[in-house]
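A.B. asks: Here you go, sequence then predicted model.
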Amino acid sequence: MGSLPTNRGSSVTQQSLLSCTLSSLLVAVLLLLCACSSILAAPIKDQTYITWSQDHVKMLDAEDAIQITLDSASGSGFTSNKKFLYGSISMEIKLVPGDSAGTVTAYYLSSEINDEFDFEFLGNVSGEPYLLQTNVYSNGTSGREHVLALWFDPTADYHTYSFLWNKYHAVFFVDSTPIRMFANSQALGVPYISKPMRLYTSIWNGEVWATRGGQDKINWKHAPFVASFHNFTVDACIWQEHDSECCASASNLWWEQEAYQALSSEQESMFNIVQNNYTVYDYCKDVHRYPILPAECNHQL
């Protein structure tokens, strides 16, 4: 901001008061903007803290990455320092290589009342496709599992897994491909997630169900099982308790604009290719489990 012009008819006190007032207004505006929308670009270690088994978590400063480990003693995990309410949250992840049967690597957003958007990577016997299960907990209620086979080897390199979440829908992306959408169906009586959430990661023993319904157990001879995370990127509303109305009511943020209220035609085409070619399970098509399909099933793509 440039220097204020001198008003020769004002006293020094008046000039000082004017300067302070303008400075205070500028600070207030900046604080409001920061509260409503922030891009977090700090190293991943500065945006997160370890929540589970510190001796099983390793920081890789050269790669700006975090490794979490599962062995016969414990799993491990970390979470974000901040809470978010709407926006874009992404992470690059490299999954457990080799025989990872029975392991589950989780990457998800969760609120204090158990709302969740979940990515769960289900370990496999070597050579089999890695399965990705997504789920949505809405108002503490789950049962919305969708499972697909990834079309690449997610253990060979990092891939980006993202959430785009606004008042209209939540979209799950693998790299730039939308693979799951959960629409705001409150008009149908379906609770929609509108509470602030943190990002969590973990790796844990899910052998009772994760691989072929629990048929393939963890082979502890192959431990430790390691998943790596880096490039945690946030362009979202950073939740601050004293500015809750900003996050809840702001409508001028990019993710609330018309272009992000539905998938583009190109994204819809990509979405349909994934659904038609890689889907292993879709709760919206499970008529044995749900003789009457959940209300939101007729309103998803």
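C.D. replies: On my side now, so go ahead.

A.B. asks: How far off centre is the helix or strand that contains residue 104?
C.D. replies: Assigning secondary structure by DSSP states H and E places residue 104 in strand 103-110. Using Cα atoms, centre = their mean, to the nearest Å, the distance from the centre of strand 103-110 to the centre of the chain it belongs to is 10 Å.

A.B. asks: Can you get me a residue count around residue 158?
C.D. replies: 17 (other Cβ atoms under 10 Å). Yep, even glycine has a C-beta here, placed from its N, CA and C like the rest.

A.B. asks: mind listing what it touches?
C.D. replies: By Cβ atoms under 8 Å, 6 or more residues apart in numbering, the contact list for residue 158 reads 92, 93, 94, 228, 230, 231.

A.B. asks: Recalculate using a threshold of 7 Å.
C.D. replies: Contacts for residue 158 (Cβ atoms under 7 Å, 6 or more residues apart in numbering) come out as 92, 93, 94, 230.

A.B. asks: And the residues you listed, which is closest to residue 68?
C.D. replies: Nearest to residue 68 among these is residue 93, at 10.3 Å by Cβ to Cβ.

A.B. asks: Bridged to the closest one, which residues?
C.D. replies: Per DSSP bridges, residues listed as beta-bridge partners of residue 93: residue 159, residue 229.

A.B. asks: Could you report the distance from it to residue 190?
C.D. replies: Separation of residue 93 from residue 190 (Cβ to Cβ, to the nearest Å) stands at 29 Å.

A.B. asks: With neighbour numbers in mind, choose between these two.
C.D. replies: Neighbour totals were compared for residue 93 and residue 190, and residue 93 leads with 21 against 18 (other Cβ under 10 Å).

A.B. asks: circling back to that earlier point, give the pairing partners of the strand holding residue 104; include direction for each.
C.D. replies: strand 116-122 (antiparallel), strand 198-205 (antiparallel).

A.B. asks: Turn these into TSV, including mean pLDDT and mean neighbour count.
C.D. replies: Below are the strands paired with strand 103-110 laid out as TSV (pLDDT from 0 to 100; neighbours: other Cβ atoms under 10 Å):
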stretch	mean pLDDT	mean neighbour count
strand 116-122	97	22
strand 198-205	98	22
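
A.B. asks: Where does pLDDT dip in the stretch 101-250 of the chain?
C.D. replies: Within the stretch 101-250 of the chain, the stretches with pLDDT under 70 are 242-250.

A.B. asks: hey, where'd the helices end up in it?
C.D. replies: Listed in chain order, the helices of the stretch 101-250 of the chain (DSSP state H, counting those that start in this stretch) span 244-249.

A.B. asks: got a list of contacts for stretch 41-48?
C.D. replies: 40, 59, 64, 65, 66, 78, 79, 80, 81, 229, 230, 232.

A.B. asks: follow-up on the earlier one: just the CA atoms of the strand holding residue 104, as PDB, please.
C.D. replies: Extracted in PDB, the C-alpha atoms of strand 103-110 (Å, rounded to 0.1, in the frame of the first residue of the first chain):
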ATOM      1  CA  THR A 103      -3.200 -54.000   4.900                       C
ATOM      2  CA  VAL A 104      -5.300 -50.800   4.600                       C
ATOM      3  CA  THR A 105      -3.900 -47.400   3.800                       C
ATOM      4  CA  ALA A 106      -6.400 -44.700   4.600                       C
ATOM      5  CA  TYR A 107      -6.500 -41.100   3.500                       C
ATOM      6  CA  TYR A 108      -9.700 -39.200   4.500                       C
ATOM      7  CA  LEU A 109     -11.400 -36.100   5.800                       C
ATOM      8  CA  SER A 110     -13.300 -36.400   9.100                       C
END
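
A.B. asks: residues in contact with it?
C.D. replies: In contact with strand 103-110 (Cβ under 7 Å, 6+ apart) are residues 70, 89, 91, 93, 95-96, 116-123, 161, 163, 197-204, 206, 210, 218, 225, 227.

A.B. asks: cool, stretch 62-74 as well?
C.D. replies: 43-45, 53, 56-60, 76-78, 103, 201, 203-205, 220, 223-230.

A.B. asks: rerun that using 8 Å as the cut-off
C.D. replies: 43-45, 48, 52-53, 56-60, 75-78, 96, 103, 105, 201-205, 220, 223-231.
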